[in-house]
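K.L.:
Got a predicted structure plus its sequence, pasted below:
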Amino acid sequence: MSALFLGPLQGRTRLWSVVLIYGLGVNCSLCLAALPFQPLRSASLWVFLGICLVVGLYQLIALWQCAHNSRFRSLGSVVRACVAVSILAIPLFIYILVTQY
């Protein structure tokens, strides 16, 4: 079980697996779990958003670590560039969400 969670963080998982399982699969599950929170503005929504932030950071770290585990070396560079831009954009989106800008 720990290999399932620690494998991507240690860079031992193939890139396509990280994208499909840890990215697409987990995000679809989170979207389904978010449906009950859509019309509400309560404390439970903020808890859910915090969970999504932690999951998103896990996904970005896993993508960074496993970026070069693919056949195409240039794909790893593109993935790492996208992860870097995403990491830099997270504080901006948190600010916008908190201030309701």
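P.N.:
Looks like it arrived, so ask away.
K.L.:
any chance you could map the helices in this structure?
P.N.:
2-9, 15-17, 26-34, 43-65, 73-99 (DSSP state H).
K.L.:
Adding mean pLDDT and mean neighbour count, write those helices out as CSV.
P.N.:
In short, each C-beta sits where N, CA and C put it, glycine included. Output for these, formatted as CSV (pLDDT from 0 to 100; neighbours: other Cβ atoms under 10 Å):
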stretch, mean pLDDT, mean neighbour count
helix 2-9, 87, 13
helix 15-17, 91, 16
helix 26-34, 88, 12
helix 43-65, 89, 15
helix 73-99, 93, 12
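K.L.:
measure the residue positioned nearest the centre of the chain to Ala62 for me?
P.N.:
Centroid check for the chain by Cα atoms, centre = their mean gives Gly56 as the closest residue, at 2.6 Å. Counting by Cβ to Cβ, to the nearest Å, the separation of Gly56 from Ala62 is 11 Å.
K.L.:
One more: Leu30?
P.N.:
For Leu30, the distance to Ala62 (Cβ to Cβ) stands at 15 Å.
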